[in-house]
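J.: requesting a structural model of the entry that follows:
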Amino acid sequence: MKITGHIIDIENERIYNGEVEVSNGKIARITEKAEVADQYILPGFIDAHVHIESSMIVPSEFARLAVAHGTVATVSDPHEIGNVLGVEGVRYMIANGSQVPFKFYFGAPSCVPATSFETAGAAIDVKDVEVLLKDPAVNYLAEMMNWPGVLYNDPVVKEKLSLARKYNKVVDGHAPGLTGDQAKQYATAGISTDHECFTAEEALDKLKYGMKIIIREGSAAKNFEALVNLLHDHAGQMMFCSDDKHPDSLEEGHINVLVKRALAKGIDLFKVLKAACINPIDHYRMQVGRLRPGDSADFIVVDNLTAFTVRNTFINGVMVAENGVSKIARVAGGTVNNFKKSYRKSEDFVIKATGSSMRVIEALDGQLITNVLIDKPRVEGGNAVADVDRDILKIAVVNRYAEAAPAVAFIKNFNLKRGAIASSVAHDSHNIIAVGTDDDSIARAVNLIMAEKGGIAATDQHNSLILPLPVAGIMSADDG
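T.: Here you go, the predicted model:
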């Protein structure tokens, strides 16, 4: 196969007219030409940190959507399914992803369960981490969320970090808000990246101590605007990621959208493309081509350097997407799960009124953090109930792994006027979380999910809807 266009040589920072010749899945040669097709050829995009599970589709289906936007590889942390199924879940993700022509780089989850304050479905202990790190299909130690354990020398954390060094695997970070001496200590422990920076000042601190900063723009957490200007001076230490990408936004775009936005802000083309295409390859030692003779033929063709519309995506010399349409065939997803059905009654969600004030969770749009409010309860029949007029609703967490009483509280900023919504996609332990205007609706929404062993549900007095998610209770098994 031969294809011509304007070649974007990111590493040498030049654009020239050329012809790319592909043979046996590799780039055989690149030849300069006087006349070429009016299109641009460059390495494919890489998502430097993503939880595939958050797309609510299995890896093979994620790949089908991502290649349409020019993504050829992901650095994928199977933390979510790890919290449901442990090592078995990680193995499922690797096996499913291996069925399609896409370059998934999976890590060994480092923090399963993520917290001692909630009940997960499984644990990945030190022995499990070592088993995974020994596996050639596992490429790094995934995000070390337990930054207090790093700072205070938790022996389990130290042992996991030691195993990463033993097997020469990169360690990903997760340390929101960490600055100064604490950021230095975290980096010195061998943790190499962070995708959780809220501000440029925080990111600069971590850059100073040698960490790579991954600019995150997902479906929920969005830090692009706060961090993108760091590319002007720190392009060699920056990458892009989505972290958690919901299926609707993945259908609209992926890393290509961040590239277009960065270019629209006047950031140099080569600096943007280093972050999007090259830096993840270097950092994670990925076997992904960077548009050089002898490399795997992993590259994309775009129309121009403004719209950046992806015309074609190639992986190992195979065209996997053309004009926004995936050419990857669907495969049988299969199912794995960990779900104990325990149907609920409305009285399980009753809260007795005990005083003149109560704590209310304040949800913040576009943020992972929440605030605490103190407000006056609405009381009926001796019980504290939801107050739709003040947008104070009930929230409940229902254990789906064992028999236990639900945890019930109040939350603000959901703006539901009737009924309830519920989901078993609930980071990190993926128990069922429901928000509703009344106890009956909450119970119905929870029971819809119980019946399907996972899903997203909405209900009121007249209607009930459920999107089943039978793969670990967090992903669809639909294989077309």
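
J.: buried residues, stretch 356-366. List them.
T.: Buried positions in stretch 356-366, judged by neighbour count with 16 or more other CB atoms under 10 Å: 358, 360-361. Where C-beta positions appear, they are placed from N, C-alpha and C, glycine not excepted.

J.: take those residues and lay them out in JSON lines including pLDDT, distance to Ile374 and secondary structure.
T.: Converted to JSON lines, the buried residues of stretch 356-366 look like this (pLDDT from 0 to 100; distance: CB to CB, whole Å; DSSP: H, G, I helix; E, B strand; the rest coil):
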{"residue": "Met358", "pLDDT": "96", "distance to Ile374": "7", "secondary structure": "strand"}
{"residue": "Val360", "pLDDT": "97", "distance to Ile374": "7", "secondary structure": "strand"}
{"residue": "Ile361", "pLDDT": "97", "distance to Ile374": "12", "secondary structure": "strand"}
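
J.: just give me the closest of these to Cys241.
T.: Distance to Cys241 across the buried residues of stretch 356-366 (CB to CB) is lowest for Ile361, with 27.1 Å.

J.: contacting residues for the residue nearest to Val72 when sequence neighbours are not counted?
T.: Nearest residue to Val72 in three dimensions, chain neighbours excluded: Gly44, at 3.1 Å (CB to CB, 6 or more residues apart in numbering). Contacts for Gly44 were tallied using CB atoms under 8 Å, 6 or more residues apart in numbering; they are 70-73, 277, 288-289, 298-300, 313-315.

J.: and the buried residues of stretch 356-366, which is closest to Ser110?
T.: Taking CB to CB as the measure, Ser110 lies nearest Ile361 of the buried residues of stretch 356-366, at 27.5 Å.

J.: so the closest one sits against Asp375, correct?
T.: No. Contact criterion CB atoms under 8 Å: Ile361 and Asp375 do not qualify, at 10.8 Å.

J.: stretch 386-403: end-to-end distance?
T.: From its first residue to its last, stretch 386-403 covers 25 Å (CA to CA, to the nearest Å).

J.: same question for that stretch: list its buried residues.
T.: So for stretch 386-403, counting by 16+ other CB under 10 Å, buried means 386-387, 392-401.

J.: show the average pLDDT along it.
T.: Stretch 386-403 carries an average pLDDT of 97.

J.: residue ranges of the strands in the stretch 101-250 of the chain, please?
T.: Along the stretch 101-250 of the chain, counting by DSSP state E, counting those that start in this stretch, strands occupy 103-108, 138-144, 170-173, 193-194, 212-216, 238-241.

J.: switch these over to CSV; also include mean neighbour count.
T.: Shown next, in CSV, are the strands of the stretch 101-250 of the chain (neighbours: other CB atoms under 10 Å):
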stretch, mean neighbour count
strand 103-108, 25
strand 138-144, 26
strand 170-173, 24
strand 193-194, 28
strand 212-216, 26
strand 238-241, 26
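
J.: make JSON lines out of these and add distance to Ala48 and mean pLDDT.
T.: Shown next, in JSON lines, are the strands of the stretch 101-250 of the chain (distance: least, CB to CB, whole Å; pLDDT from 0 to 100):
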{"stretch": "strand 103-108", "distance to Ala48": "10", "mean pLDDT": "98"}
{"stretch": "strand 138-144", "distance to Ala48": "11", "mean pLDDT": "97"}
{"stretch": "strand 170-173", "distance to Ala48": "9", "mean pLDDT": "98"}
{"stretch": "strand 193-194", "distance to Ala48": "8", "mean pLDDT": "96"}
{"stretch": "strand 212-216", "distance to Ala48": "5", "mean pLDDT": "97"}
{"stretch": "strand 238-241", "distance to Ala48": "4", "mean pLDDT": "98"}
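
J.: what's the closest of those strands to Glu452?
T.: So among the strands of the stretch 101-250 of the chain, strand 103-108 is nearest, using CB to CB, at 26.9 Å.

J.: listing partners with orientation, what would you give for that closest one?
T.: The strands beside strand 103-108 in its sheet (DSSP bridges) come out as strand 71-76 (parallel), strand 138-144 (parallel).
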